[in-house]
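>>> A predicted structure for the sequence below; I have some questions about it.
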Amino acid sequence: MKRNRHDDIEEKLKEGLRDLDRVTAATPSMEEIHMMMTETRKRQRKELIWFILIALCLITVTLLVLINDPVLYAVGQLLFFIIAGISGMIYRRRNGVRQHE
Amino acid sequence: MKITTPEQLSVLLHEHYSFLYAYLVKLTLHPAEAEDLAQDTMIRCIERYAQYNPKKAAFTTWMIQIATNLWIDKKRRKKREHMYLNSRQLEWKLGEGPGLEIAEALKTLKDIHRIPVVLSYYYGYSYEEIATICQVSTGTVKSRMHHAMTKLRKELGDNETQQAR
């Protein structure tokens, strides 16, 4: 009896999900998809160029500091590790608290 | 089929748009939101099609995985903004019918429980495939399905009892 009731509800669920297919939207034309692809690729190319430029700038600055003032470079590295360590610890502690909320 | 040219991808996206939209309607229960997400999913597919491996999954499975992740991310971001601007939109589009009753019952489930139900009962995906799409273990899928079906049986059973009275 219970099994039949379960089967009925599963059938009702399937029928309801099929009924939701009545909600439709117009499929974009091939031209629209092509345009979307062109725009996406253009944006990706621009992002890649910016990424390479920023990376090159950072590498150049790092190398210049390392060559001209190695002590400053070492201090910078030390500060970076200290700040990253403290931030990491704070982040982990906050996440731990959130999990227990 | 490995996608090697943008033309192949655009044909696949065109062919599977309706499939994607139908899935997103069941996931979001909000037609306008589903349309926005379908667009976002297509853009993500264009950005990442080089990563698609046909040996691992069918194109539709890959697309559904992207759509599911985008929906979960979007909901997480917009949690505080009350994204359901018009919760009656589905009602307007569907009118009377079993779809609306099921949509109301599905709305009571959390996404993590609703997604496996839709994937299993409508698309017929196996537990293993659902686990791949949702990026969780098969055991977790089974447990979520069990929880979701218990709740749905209660919801739909209650509705039936009320209608009988």
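Cool, the structure landed.
>>> what does chain B put close to chain A?
B:6, B:9-11, B:13-14, B:17-18, B:21-22, B:25-26, B:31, B:34-35, B:38, B:42-43, B:46-47, B:90, B:93-94, B:97-103, B:105, B:117-118, B:121-122, B:149, B:152-153, B:156-157 (Cβ under 8 Å from any Cβ of the partner chain). Quick note: C-beta positions are derived from backbone N, CA and C, even for glycine.
>>> could you tell me which of the residues you listed belong to strands?
Secondary structure assignment (DSSP state E) places none of those within strands.
>>> of the residues you listed, buried ones?
With neighbours counted using 16 or more other Cβ atoms under 10 Å in any protein chain shown, these contain these buried positions: B:6, B:9-10, B:13-14, B:17, B:21-22, B:25-26, B:31, B:34-35, B:38, B:42-43, B:46-47, B:90, B:93-94, B:98-103, B:105, B:117-118, B:121-122, B:149, B:152-153, B:156.
>>> which of the residues you listed fall within helices?
Judged by DSSP state H, these include B:6, B:9-10, B:13-14, B:17, B:21-22, B:25-26, B:31, B:34-35, B:38, B:42-43, B:46-47, B:90, B:93-94, B:98-103, B:105, B:117-118, B:121, B:149, B:152-153, B:156 as members of helices.
>>> skipping adjacent residues, who's closest to the spatially most central residue of chain B in space?
Residue closest to the average C-alpha location in chain B (Cα atoms, centre = their mean): residue B:27, at 3.4 Å. Spatially, and ignoring its direct neighbours in sequence, residue B:27 is nearest to residue B:71 (5.7 Å; Cβ to Cβ, 6 or more residues apart in numbering or on different chains).
>>> contacting residues around that neighbour?
Shown in contact with residue B:71 (Cβ atoms under 8 Å, 6 or more residues apart in numbering or on different chains): B:24, B:27-28, B:37, B:111.
>>> which one of the residues you listed is nearest chain A?
Nearest to chain A, judged by Cβ to the nearest Cβ, of those is residue B:24 at 9.4 Å.
>>> right, and the closest one touches residue B:34 too?
Yes - counting by Cβ atoms under 8 Å, residue B:34 is a contact partner of residue B:24 at 3.7 Å.
>>> for the residue nearest to the centre of chain B, give me its contacts.
Residue B:27 sits next to B:34, B:37, B:67-68, B:71, B:111, B:114-115, B:118 when contact means Cβ under 8 Å, 6+ apart.
>>> that one and residue A:80, how far apart?
The gap separating residue B:27 from residue A:80 is 43 Å, by Cβ to Cβ, to the nearest Å.
>>> try residue B:76
Distance, residue B:76 to residue A:80, by Cβ to Cβ: 30 Å.
>>> what's the answer for residue B:106, then?
Residue B:106 sits 49 Å away from residue A:80, going by Cβ to Cβ.
>>> looking at those two, which is more packed in?
More crowded of residue B:106 and residue A:80, by other Cβ atoms under 10 Å in any protein chain shown: residue B:106, with 23 against 10.
>>> please save the CA atoms from the strand or helix carrying residue A:18 in PDB.
In this structure, residue A:18 sits in helix A:2-19 according to DSSP states H and E. Below are the C-alpha coordinates for helix A:2-19, written out as PDB (Å, rounded to 0.1, in the frame of the first residue of the first chain):
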ATOM      1  CA  LYS A   2       2.800   2.400   1.100                       C
ATOM      2  CA  ARG A   3       4.900   1.300  -1.900                       C
ATOM      3  CA  ASN A   4       2.000   2.200  -4.300                       C
ATOM      4  CA  ARG A   5       1.600   5.600  -2.700                       C
ATOM      5  CA  HIS A   6       5.400   6.200  -3.100                       C
ATOM      6  CA  ASP A   7       5.100   5.200  -6.800                       C
ATOM      7  CA  ASP A   8       2.200   7.600  -7.300                       C
ATOM      8  CA  ILE A   9       4.200  10.400  -5.900                       C
ATOM      9  CA  GLU A  10       7.200   9.600  -8.000                       C
ATOM     10  CA  GLU A  11       4.900   9.500 -11.100                       C
ATOM     11  CA  LYS A  12       3.400  12.800 -10.100                       C
ATOM     12  CA  LEU A  13       6.900  14.300  -9.700                       C
ATOM     13  CA  LYS A  14       7.900  13.100 -13.200                       C
ATOM     14  CA  GLU A  15       4.600  14.400 -14.700                       C
ATOM     15  CA  GLY A  16       5.100  17.700 -13.000                       C
ATOM     16  CA  LEU A  17       8.700  18.000 -14.300                       C
ATOM     17  CA  ARG A  18       7.500  17.200 -17.800                       C
ATOM     18  CA  ASP A  19       4.800  19.900 -17.500                       C
END
